[in-house]
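**Q** Curious how this folds, go ahead:
(one chain, ligands or ions: 2)
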Amino acid sequence: MIPIALTIAGSDSGGGAGIQADLRTFAFHRVHGTSALTCVTAQNTVGVNRVDALPAAAVVAQIDAVASDIGVQAAKTGMLLNAEIMEAVAAAVQQQDIHQLVVDPVMVSRAGVVLIDEVAIATLKTHLLPQALILTPNRYEAQILCGIKIQTLEDMQNAAQNIFDMGPKNVLVKGGGMSDTLLGIDVWFDGQQMETLKTETVATTNTHGTGCTLSAAIAANLALGKSPLAAAKAAKTYVTQALKYALDIGQGQGPVGHWFPLVSKAPEALGFSRLWS
Ligand SMILES: Nc1ncnc2c1ncn2[C@@H]1O[C@H](COP(=O)(O)OP(=O)(O)OP(=O)(O)O)[C@@H](O)[C@H]1O
Ligand SMILES: Cc1ncc(COP(=O)(O)O)c(N)n1
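**A** Ligands and ions are numbered 1, 2, ... in the order given. Reported below is the predicted structural model:
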């Protein structure tokens with residue numbers, strides 16, 4: 001049987017995050033990728049110049065078209081943008097019995113800039129968090145969700161526990177926005193077990209798309225039949241490798257390199273950050 005994953009997310013014209021990152025990540029995992037587009041961003045490595053939302057009904061129609069015919073083993077949500085789209089997605093996911101849902105609560109950029117309004121944040125909490133098999137907030141999103149200022153590993157653990165009480169079955173607080181020795185350390189909590197997920201820190205500023213890539217890789221691994229924790233661990237390993245092959249393109253933060261296995265020689269000459277070994 002061919003595993004199928006669905007991404008419900010926005011388009012990144014620069015190709016580093018959003019739907020583009022998700023579909024490449026699914027392909028790497030040999031999972032057939034399907035998509036429901038929520039919005040179109042005019043974006044590059046420097047920033048987001050414009051965002052156009054799709055009508056909520058159009059988002060639902062895409063989810064229904066995929067789920068009713070092809071089937072979905074696991075799905076992820078990314079940039080849902082507004083409360084109307086969030087409510088519609090939450091209802092559609094429930095209606096289509098999509099149980100393995102990874103929710104990447106895209107709210108705040110790595111730089112700490114808030115991307116969605118207060119109503120949307122409230123809707124995310126009430127409608128999507130309770131449906132998440134795995135919720136993957138970054139440092140700033142976790143702070144907004146639970147109101148705890150996150151500076152230490154203990155803060156990350158407290159936040160994970162606090163956010164777990166909001167309804168997701170598993171919480172992964174990501175450490176890409178942490179500093180010093182905590183950079184790249186994630187905290188997992190499933191209601192009983194607290195785990196620290198650590199691979200290695202990659203010294204690169206080309207980190208655009210790490211969050212999207214991580215949640216897509218988790219969804220792909222769930223579609224392949226892995227348990228939630230095993231899927232998160234495998235996804236973290238994939239992101240670390242993709243960071244090592246991040247693309248040095250554009251004037252700002254370049255994207256992670258999703259297709260590193262295809263590179264056979266001289267990666268630096270191709271614009272990769274450094275050789276992965
Ligand atoms: N420099 C790094 N070295 C190793 N791992 C990293 C690094 N930066 C981010 N990560 C990892 O990447 C994953 C995504 O986390 P991050 O906190 O960056 O998410 P995000 O803020 O949603 O993503 P983005 O920066 O793309 O908006 C996590 O597993 C995190 O630990
Ligand atoms: C369309 C879109 N979706 C999501 C993100 C955040 O991405 P990330 O947190 O992975 O950098 C983005 N920049 N653009």
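**Q** secondary structure class for residue 150?
**A** Three-state call for residue 150 (DSSP: H, G, I helix; E, B strand; the rest coil): coil.
**Q** measure it to ligand 2 for me?
**A** Residue 150 sits at a distance of 17 Å from ligand 2 (criterion: Cβ to the nearest ligand atom, to the nearest Å). Placement of C-beta: from N, CA and C, glycine included.
**Q** Also residue 36?
**A** Counting by Cβ to the nearest ligand atom - residue 36 and ligand 2 are separated by 13 Å.
**Q** Leaving out the residues flanking it, which one is nearest to that residue?
**A** The spatially closest residue to residue 36, leaving aside those adjacent along the chain, is residue 62, at 3.6 Å (Cβ to Cβ, 6 or more residues apart in numbering).
**Q** Please settle this for me: is residue 49 part of a strand?
**A** Yes: Residue 49: assigned to a strand according to three-state DSSP.
**Q** surely it meets residue 14?
**A** No: with contact defined as Cβ atoms under 8 Å, residue 49 does not reach residue 14; the gap is 10.4 Å.
**Q** What segments of the stretch 151-277 of the chain are helices?
**A** Assigned by DSSP state H, counting those that start in this stretch, the stretch 151-277 of the chain shows helices spanning 153-164, 210-223, 228-244.
**Q** Out of those, which is closest to ligand 1?
**A** helix 210-223 (2.2 Å; Cβ to the nearest ligand atom).
**Q** Could you quantify the relative orientation of the closest one and helix 228-244 as an angle?
**A** Between helix 210-223 and helix 228-244, the angle comes out at 140 degrees (axes from the mean of the first three to the mean of the last three Cα atoms, to 10 degrees).
**Q** does helix 210-223 come close to ligand 2?
**A** Yes: residues of helix 210-223 contacting ligand 2 under Cβ under 6 Å from any ligand atom: 210-212.
**Q** For the longest strand seen in the chain, enumerate the helices and strands it packs against.
**A** When the chain is parsed with DSSP state E, its longest strand is strand 32-43. Identification of packing neighbours for strand 32-43 by 3 or more Cβ pairs under 8 Å, 6 or more residues apart in numbering; DSSP states H and E yields strand 4-12, helix 18-28, strand 48-53, helix 56-69, helix 83-95.
**Q** and the ones you listed as TSV, adding distance to residue 236, mean pLDDT and mean neighbour count?
**A** Converted to TSV, those look like this (distance: least, Cβ to Cβ, whole Å; pLDDT from 0 to 100; neighbours: other Cβ atoms under 10 Å):
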stretch	distance to residue 236	mean pLDDT	mean neighbour count
strand 4-12	17	98	27
helix 18-28	13	98	24
strand 48-53	26	92	14
helix 56-69	27	98	17
helix 83-95	24	98	20
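**Q** For the ones you listed, give me TSV that also has distance to ligand 2.
**A** Shown next, in TSV, are the helices and strands packed on strand 32-43 (distance: least, Cβ to the nearest ligand atom, whole Å):
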stretch	distance to ligand 2
strand 4-12	3
helix 18-28	3
strand 48-53	7
helix 56-69	14
helix 83-95	13
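**Q** Go through the ones you listed and name the closest to residue 141.
**A** Across these, residue 141 has its closest neighbour in helix 83-95 (14.2 Å, Cβ to Cβ).
**Q** what residues are shared contacts of residue 49 and residue 14?
**A** By Cβ atoms under 8 Å, 6 or more residues apart in numbering, residue 49 and residue 14 have these common neighbours: residue 43.
**Q** need the contact list for the closest residue to residue 142 other than its chain neighbours.
**A** Ranked by Cβ to Cβ, 6+ apart and with sequence neighbours excluded, the top spatial neighbour of residue 142 is residue 159, at 4.4 Å. Residue 159 makes contact with 137, 142-143, 145-146, 148, 150, 173, 187, according to Cβ under 8 Å, 6+ apart.
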